[in-house]
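Student: I would like the atomic coordinates for the input below:
(one chain, ligands or ions: 1)
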Amino acid sequence: MAHHRTEKVVVLMKIGFIGAGKVGFALGKYFCIHGIEVAGYYSRSIQSAAEAADFTGTAPYAAAEDLLSDSDVLFFTVPDDAVASCYKQLCVRPIQGKIFCHTSGAMTAEEAFSGIEALGAFGYSVHPLFAVSDKLRSYSELTDVFFTLEGSGAQRDFMLDWLLEAGLHVQLIDSAVKAKYHAAAAIVSNHVVALFDEAQGLLAECGFAPAAARQALGRIFTSNARHVAEQGAAAALTGPVQRGDMGTLAKHLAVLGSHEDRLLYLLLSRRLVKLAKIKNPAYDDTAIQKFLADEYDEVLALAKSGRAGRKDEH
Ligand SMILES: NC(=O)c1ccc[n+]([C@@H]2O[C@H](COP(=O)([O-])OP(=O)(O)OC[C@H]3O[C@@H](n4cnc5c(N)ncnc54)[C@H](OP(=O)(O)O)[C@@H]3O)[C@@H](O)[C@H]2O)c1
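Tutor: Purely as a prediction, here's the structure:
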């Protein structure tokens, strides 16, 4: 269940950031705007720390230990592979009572901050379910973003209250499902990008210039995304699978250039049949299921044999 802010809890904590990149900039600025005190930034390069400090009106730190001393909560907004080593470097100092957070979607708190509770401190993953693409502008988009919180039991409710108080939407998740959760995020974010690219490639073959293809696809892409988000996938479904138009599906398959393209199309179409059934329980999927399964088997056999597909043979 998602948690939303219910009552005001006044919690005075000072936040520090290790890693002055996109997420560090965005989260730091967001916290500053929402009245949360940010001590400042340490980063691999002092220039990045100085730029982030300037952007947020906080201080740059040349030594991570000094930022540790000045902060109650440290956010490790470095690349995933650097989180555990940054943590280990700081652990040579006393860290009792401190709260360490990282913002990686794939890593658990325990993976990043191994053994932290034995040192009297607490570790969490606080992941924004959002593509933070612009270090100067993304902070303004964080208000409606979902954050997931996972980590040390001892202070988890406190952390939850604190993040809610900061105006964020927060969902507690178990460390055991972190990889599955992140797969969901990657599918809806990165994999959709791959599908957009696939469609843009097809329009290029139809004579569209890149900008025209982006403009043409952008409209249908964004309105469809809004419908899916607002109404749910089944309700938003349109197209030949939902209508049972197998002739149209066959035409599409005949013009797709590679086995990979056809397999992608077929696998997604099979998924759409399930949604069509949910949308309309009377939908008779017998023929379309058989059509898609036969095509899939045929393309897979061709792909395994290394032979060209129907379009490639022409
Ligand atoms: N961007 C997103 O959409 C997004 C979304 C959700 C979660 N996240 C997570 O947020 C974290 C940060 O991602 P990001 O996109 O903000 O990355 P980023 O823009 O590449 O920024 C990472 C920053 O970390 C600094 N850094 C690298 N190694 C360091 C080290 N050993 N010690 C100190 N600083 C170091 C770099 O510093 P210099 O500039 O000083 O060289 C860089 O500015 C990652 O865990 C990522 O998975 C990202």
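Student: how many other residues sit next to Phe75?
Tutor: 25 (other C-beta atoms under 10 Å). (C-beta placed from N, C-alpha, C; glycine too.)
Student: next one: Ser104
Tutor: 22.
Student: Doesn't it lie inside a strand?
Tutor: No: counting by DSSP: H, G, I helix; E, B strand; the rest coil, Ser104 is not part of a strand but coil.
Student: how close does the closest residue to the ligand within the stretch 201-314 of the chain get to Ala236?
Tutor: Residue nearest to the ligand within the stretch 201-314 of the chain: Ala225 (17.2 Å; C-beta to the nearest ligand atom). Between Ala225 and Ala236 the computed distance is 9 Å (C-beta to C-beta, to the nearest Å).
Student: again with Gly28
Tutor: Gly28 is 36 Å from Ala236, by C-beta to C-beta.
Student: the more surrounded of those two?
Tutor: Between Gly28 and Ala236, Gly28 has the larger neighbour count (other C-beta under 10 Å), namely 28 against 17.
Student: How about that one: what's its closest non-neighbour residue?
Tutor: Distances taken as C-beta to C-beta, 6 or more residues apart in numbering put Thr56 closest to Gly28, at 4.7 Å, once the chain neighbours are dropped.
Student: Equivalent analysis for Ile99, please.
Tutor: Ile99's closest residue in space is Val73 (C-beta to C-beta, 6+ apart), at 4.4 Å.
Student: distance of that neighbour from Tyr30?
Tutor: 14 Å.
Student: can you check Ala64 too?
Tutor: Taken as C-beta to C-beta, the span from Ala64 to Tyr30 is 22 Å.
Student: Same drill for those two, tell me which one is more crowded.
Tutor: Using other C-beta under 10 Å, the more surrounded residue of Ala64 and Tyr30 is Tyr30, with 23 against 18.
Student: Packing partners of the helix or strand harbouring the more buried one?
Tutor: Per DSSP states H and E, Tyr30 falls inside helix 22-33. Applying 3 or more C-beta pairs under 8 Å, 6 or more residues apart in numbering; DSSP states H and E, we find helix 22-33 packed against strand 14-18, strand 37-42, helix 46-56.
Student: Quick one: residues in contact with the longest one.
Tutor: Contacting residues not belonging to helix 46-56 are listed as 17, 20-21, 24-25, 28-29, 32, 38, 40-43, 58-62, 136 [C-beta atoms under 8 Å, 6 or more residues apart in numbering].
Student: Excluding sequence neighbours, find me the nearest residue to whatever residue of the chain ends up closest to the ligand.
Tutor: Of all residues in the chain, the one sitting closest to the ligand is Gly21 (1.7 Å; C-beta to the nearest ligand atom). The shortest distance from Gly21 to any non-neighbouring residue, by C-beta to C-beta, 6+ apart, is to Thr77 (6.2 Å).
Student: Contact partners for that neighbour?
Tutor: Counting by C-beta under 8 Å, 6+ apart, Thr77 has contacts 17-21, 23-24, 27, 102-103.
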